[in-house]
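Student: Below is the sequence, then the predicted model.
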Amino acid sequence: MAEGRPKGGGNMEGESREERQAFVALHGAALGASGVPALYWERLRHKLENEVFDAGEFFGIMQVEEVEEEEGDNEEIEGELKKKPNPGNELCYKVIVTNENGLQAANPNSIFLIDHAWTYRVEHARQQLLHVPGLLHRMANLMGIDFHGEVADEGAIEQVLQEMWKYNQTYQLSQGTAEEKVPVWYIMDEFGSRIQHSDEPTFATAPLFYIPQQIAYTVLWPLRDLETGGPLLPEAAPMAKEQAGHLALQMQWAEKQVPTAKEPSPDEQGEPAPSLVVQVYTDLPQILNNLKHPRFEFTEDEGEADILYNFSHFKDYRKLSEERPHVMLNQFPCENLLTVKDCLASISRRVGGTEGPKWLPRTFNLHTELPQFISYFQQRERRGEDNHWICKPWNLARSLDTHITNNLHNIIRHRESSPKVVSKYIESPVLFHREDVGMVKFDIRYVVLLRSVKPLKLYAYDVFWLRFSNRAFSLDDLDDYEKHFTVMNYASGVTLKQVHYDEFIPLFEKQYPEYSWKTVQAEIFKAFAELFQAASAKPAPFGICDYPSSRAVYAIDLMLKWDTTRDGKRTMQPQVLEVNFNPDCDRACKYHPTFFNDVFSTLFLDETDNCHVTYVV
């Protein structure tokens, strides 16, 4: 039996109207968005202010014997995982109504608070289990893990880190920095964690952040009247029920970008005359401070510009094509097919058959392809193949909210926090020897210049950039950021290892004398060519639109992994990780002052002589 925790009473009649209005002003929008009926708001305010936890007066926890069933088809696995109240545990619990009068949905008091036993962000979980007094004991007990020691035990911590995904819930802040918007995970108290979930719910739940106390709770309320003994069955996670694909949504949005008006004639969109000074309008300080080419001149009047080069996404191509067809700009309609991770994976499958291209890690959209992923995961498990995966948000950079795991429950639950893809983690990366650390992971960033789609004309900037991990690589300690990630320039107090490209090449060839960088780079450029050929293979919105006045700069991040050819030869295979729109070119400008001169000359003048670019396709 769960016990209530009333902490004070209070005379509701004596409370002022102003307090009630203030509560609605602070929390009304959140309560409305979560579907909490207004009938309950006043009583909820009273319970929050007085910390009234009275669920134990209405509900009880029953321990039941769970009968193992045969595993169903892969298409049904997700549903089965959701139906099992405590998947993986020997003990199974069921929460029922115990109040002798049952529970009436029309009663304003029929709303309950559930405490959160643990609130955290994933990257802090291990340290909190190690250092927060009593946390490991409580989590082990809640999850049925045998741990009774006084000192934090690494084995128990690992078990909790594995099992917690069966209990985790999540919410996300809608405001703040990118770091503050990273999903917050929480585990409800012993009562909340025993609640089953169902596709035929009797109750609804929603997280609520109570602003005066800066504390998050879960709110529980009935969807219908229940008699004594009736089960408490909240709704399954909403994302588990959604079937519409993100790619389809992207396509609908992209269709609005595709210009349908008359395309510019050759005279209207031809290259500027050799003597013409081209007017550039831009909001990018890096360009304003570094573009020194004599053919380009800045203007503060967007209306008189020949080139619009802006950071934000341009949308009204149709109007531009009709009114100012000669104006060039730094983006293509539908380029989100490259720069959003689930779309990138989808278009890349046009190369290489069912397994996709060799240059892209096997990737699944967790929103639309969960059954396929589970099937693939289990097939690899049966074959004894490596099953480490990396979960990434569709549209975030800098490794934010990105997690590595070999735990299927972990992956399934991560998709509930924000839209994500899951990609095969590169378990055999080509490593680089750092004298101060050892053999570490590294990735490479190339800047590519897309001058046109039809015909496809793509260049790569000759200088590339490198990022390194700070700890020797091994396929363990998956939450050790400095071992498994390479983005170190956004965290304070973290070492940032920098090696210039022309210093890197001889060091790389010394470490791997059988592999010349020229040969490796040829494979990288081959991957780039195939990627952009795939991205432009179909008409918009299923491919990048061939708007004649568009030009664009992208950054492609990649790694190298070890692979084996059919004849047994060991090779270095490029692995494209992501494509970024309007990348930060600060380092490029700092070390290569002609960078934007080369970019603008290549893209807008079609002059590549004396520019540090290589024609790719």
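Tutor: Thanks, I have it.

Student: Off-centre distance for stretch 26-42?
Tutor: 29 Å (Cα atoms, centre = their mean, to the nearest Å).

Student: try stretch 531-548
Tutor: A distance of 24 Å separates the centroid of the chain from that of stretch 531-548, by Cα atoms, centre = their mean.

Student: Please apply the same query to stretch 339-357.
Tutor: With Cα atoms, centre = their mean, you get 17 Å for stretch 339-357.

Student: got the contact list for it?
Tutor: Stretch 339-357 has contacts (Cβ atoms under 8 Å, 6 or more residues apart in numbering) with 246-247, 250, 336-338, 358, 360, 362-365, 367, 392-395, 419, 421, 423, 527, 530-531, 533-535, 537, 543, 554, 576, 578-581. Bear in mind the C-beta positions are built from the backbone N, C-alpha and C, glycine included.

Student: What subset of those is buried?
Tutor: 246-247, 250, 336-338, 358, 360, 363-365, 367, 392-394, 419, 421, 423, 527, 530-531, 534-535, 543, 554, 576, 578-581 (16 or more other Cβ atoms under 10 Å).

Student: Narrow the residues you listed to those in strands?
Tutor: Of the buried ones among the contacts of stretch 339-357, the ones assigned to strands by DSSP state E are 363-365, 392-393, 421, 423, 554, 576, 578-581.

Student: Serialize those residues to JSON lines and add fields for pLDDT.
Tutor: Listed next are those as JSON lines, based on pLDDT from 0 to 100:
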{"residue": "363", "pLDDT": "95"}
{"residue": "364", "pLDDT": "94"}
{"residue": "365", "pLDDT": "93"}
{"residue": "392", "pLDDT": "91"}
{"residue": "393", "pLDDT": "87"}
{"residue": "421", "pLDDT": "94"}
{"residue": "423", "pLDDT": "96"}
{"residue": "554", "pLDDT": "97"}
{"residue": "576", "pLDDT": "98"}
{"residue": "578", "pLDDT": "94"}
{"residue": "579", "pLDDT": "96"}
{"residue": "580", "pLDDT": "94"}
{"residue": "581", "pLDDT": "92"}
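
Student: can you redo these as TSV with distance to residue 316?
Tutor: Formatted as TSV, these follow (distance: Cβ to Cβ, whole Å):
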residue	distance to residue 316
363	32
364	34
365	29
392	31
393	28
421	30
423	34
554	22
576	31
578	27
579	24
580	23
581	18
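
Student: residue ranges with poor pLDDT in the stretch 451-600 of the chain?
Tutor: Residues of the stretch 451-600 of the chain meeting the criterion pLDDT under 70: 490-491.

Student: Strands of that one, start to end?
Tutor: Remark: strands assigned in the stretch 451-600 of the chain by DSSP state E, counting those that start in this stretch are 457-461, 465-468, 552-564, 570-581.

Student: Closest to residue 185 out of the ones in strands among the buried ones among the contacts of stretch 339-357?
Tutor: Residue 185 lies nearest to residue 393 out of these, by Cβ to Cβ, at 14.6 Å.

Student: my guess is the closest one meets residue 415, correct?
Tutor: No - using Cβ atoms under 8 Å, residue 393 is not in contact with residue 415, being 10.4 Å away.

Student: can you list residues touching both of these two?
Tutor: Joint contacts of residue 393 and residue 415 (Cβ under 8 Å, 6+ apart) do not exist.

Student: what's the distance between residue 347 and residue 379?
Tutor: Separation of residue 347 from residue 379 (Cβ to Cβ, to the nearest Å): 25 Å.

Student: who's more crowded, the two?
Tutor: Counted by other Cβ atoms under 10 Å, residue 347 and residue 379 do not tie: residue 347 has more neighbours, with 21 against 12.

Student: Any idea how many residues pack against the nearest residue to residue 408 once chain neighbours are set aside?
Tutor: Among residues not flanking residue 408 along the chain, residue 377 sits closest, at 5.9 Å (Cβ to Cβ, 6 or more residues apart in numbering). Residues near residue 377, counting by other Cβ under 10 Å, number 21.

Student: ok, residue 377 to residue 411 distance?
Tutor: Using Cβ to Cβ, one gets 8 Å for the distance from residue 377 to residue 411.

Student: do the same with residue 540
Tutor: 33 Å.

Student: so residue 390 bridges to which residues?
Tutor: Residue 390 has these beta-bridge partners by DSSP bridges: residue 404, residue 423.

Student: Where does the prediction get shaky in the stretch 1-150 of the chain?
Tutor: 1-15, 64-91.

Student: what do you get if the cut-off is 80, keeping everything else the same?
Tutor: 1-16, 63-93, 148-150 (pLDDT under 80).

Student: show me where the stretch 301-450 of the chain has helices.
Tutor: 317-323, 336-339, 341-348, 370-383, 408-414 (DSSP state H, counting those that start in this stretch).

Student: Look at the closest residue to residue 392 other than its chain neighbours and say how many residues are nearby.
Tutor: Nearest residue to residue 392, sequence neighbours excluded (Cβ to Cβ, 6+ apart): residue 402, at 4.9 Å. Counted by other Cβ under 10 Å, the residues lying close to residue 402 total 21.

Student: need the contact list for the residue nearest to residue 105 when sequence neighbours are not counted.
Tutor: Nearest non-adjacent residue to residue 105, counting by Cβ to Cβ, 6+ apart: residue 222, 4.5 Å away. Neighbour list for residue 222: 103, 104, 105, 110, 202, 203, 204 [criterion: Cβ under 8 Å, 6+ apart].

Student: swap in residue 480?
Tutor: residue 471.

Student: Report the separation between it and residue 404.
Tutor: Distance from residue 480 to residue 404, by Cβ to Cβ: 10 Å.

Student: Next: residue 521.
Tutor: 28 Å.
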